[in-house]
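Peer 1: coordinates only, sequence not included:
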């Protein structure tokens, strides 16, 4: 999982760093267009202090934000966040805060 995470980090954000797996979870989300996501997701963390080189074919954008700012932004603009990100942030924020 760590090697796959590193590979995707490079492919999507254009950088490498050491990763640590924090946890995994399964979720299912249905959408208005009739599609459903049903996935096993692994959540990893690493440290990197430069701007990424975003592959726009893989990631639409990025932002550096504090956890508190993310929480506020998600309340104001929930449509900007993917379902899996909302689940991670809302259900696992206590694990993220302790880091």
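Peer 2: Nice, I can see it. It should be emphasised that the depicted structure is a prediction, and the values quoted were computed from it without experimental measurement.
Peer 1: which stretches of this structure form strands?
Peer 2: Listed in chain order, the strands of the chain (DSSP state E) span 20-30, 36-45.
Peer 1: Report the residue spans of this protein with pLDDT below the cut-off.
Peer 2: Where the chain drops to pLDDT under 70, the residues are 93, 95-99.
Peer 1: I'd like the strands of the chain as JSON lines, with distance to residue 94 and mean neighbour count appended.
Peer 2: (Each C-beta comes from the backbone N, C-alpha and C, glycine too.) Formatted as JSON lines, those follow (distance: least, C-beta to C-beta, whole Å; neighbours: other C-beta atoms under 10 Å):
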{"stretch": "strand 20-30", "distance to residue 94": "11", "mean neighbour count": "12"}
{"stretch": "strand 36-45", "distance to residue 94": "13", "mean neighbour count": "13"}
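Peer 1: so who does residue 36 touch?
Peer 2: Shown here is residue 36, whose contacts under the criterion C-beta atoms under 8 Å, 6 or more residues apart in numbering are 28, 29, 30.
Peer 1: which of the residues you listed lies closest to residue 48?
Peer 2: For those, the minimum distance to residue 48 (C-beta to C-beta) is 28.2 Å, reached by residue 29.
Peer 1: if we can go back for a sec, which of the strands of the chain sits closest to residue 54?
Peer 2: Here strand 36-45 is closest among those (C-beta to C-beta), at 18.2 Å.
Peer 1: Taking their axis directions, the closest one and strand 20-30 sit at what angle?
Peer 2: Here strand 36-45 runs at an angle of 160 degrees relative to strand 20-30 (axes from the mean of the first three to the mean of the last three C-alpha atoms, to 10 degrees).
Peer 1: Sheet partners, orientation included, of strand 36-45?
Peer 2: strand 20-30 (antiparallel) (DSSP bridges).
Peer 1: Which member of the contacts of residue 36 is positioned nearest residue 44?
Peer 2: Distances from residue 44 to these, taken by C-beta to C-beta, are shortest for residue 29, at 20.7 Å.
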